[in-house]
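Colleague: predicted structure and sequence below. I'll ask about it afterward.
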Amino acid sequence: MVAMKRLQRFNEIDALKALRDGHEKGYWTVEQLDNPPPGTKLTIDEWKRHPMNKNLKLDPPCYRNLLRDAEDNQEPDFIL
């Protein structure tokens, strides 16, 4: 059962928790997370040059700052 838990996907909620934790500890700011990491840009540039992409015309996923999205989309604690 423990091995199954390690194979679970890292979902958006877990990523948001990790980002908030790092922000609270001072590892990064929300503004720093507005820009994609250098590895992301490199991967997207390589994918655009790949011959398979020329045939399929697929768009890479767009980068977004989950902390900024969480600030913008805060829902009320209760609904009347």
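Modeller: It's in. Numbers count the residues shown, from 1 in each chain.
Colleague: helix, strand, or coil at V30?
Modeller: Recorded secondary structure, V30: coil (DSSP: H, G, I helix; E, B strand; the rest coil).
Colleague: give me the element the closest residue in space to it that isn't next to it in sequence is part of.
Modeller: In space, and not counting its chain neighbours, V30 is closest to L67: 5.0 Å by C-beta to C-beta, 6 or more residues apart in numbering. For glycine as for every other residue, the C-beta is placed from the backbone atoms N, C-alpha and C. In the assignment (DSSP states H and E), L67 maps to helix 66-72.
Colleague: just the strands in the chain please.
Modeller: In the chain, no segments count as strands under DSSP state E.
Colleague: pLDDT weak spots in it?
Modeller: 1-8, 70-80 (pLDDT under 70).
Colleague: ok, 90 please
Modeller: For the chain, applying pLDDT under 90 flags the ranges 1-16, 35-80.
Colleague: quick one, what contacts D21?
Modeller: With C-beta atoms under 8 Å, 6 or more residues apart in numbering as the criterion, no residue contacts D21.
Colleague: distance check, it against R49.
Modeller: 36 Å (C-beta to C-beta, to the nearest Å).
Colleague: please apply the same query to N11.
Modeller: 31 Å.
Colleague: same question for K17.
Modeller: K17 is 35 Å from R49, by C-beta to C-beta.
Colleague: looking at the two, which has the bigger crowd around it?
Modeller: Taking neighbours as other C-beta atoms under 10 Å, K17 and R49 compare with K17 leading, 11 against 8.
Colleague: which residues of this structure fall in helices?
Modeller: 2-6, 12-24, 38-49, 51-56, 66-72 (DSSP state H).
Colleague: format the CA atom coordinates belonging to the fourth one as CSV.
Modeller: As requested, C-alpha coordinates have been extracted for helix 51-56 and formatted as CSV (Å, rounded to 0.1, in the frame of the first residue of the first chain):
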residue,chain,number,x,y,z
PRO,A,51,10.0,17.3,-36.1
MET,A,52,7.0,15.5,-34.5
ASN,A,53,5.6,18.9,-33.4
LYS,A,54,5.8,20.2,-37.0
ASN,A,55,3.4,17.4,-38.0
LEU,A,56,1.0,17.5,-35.1
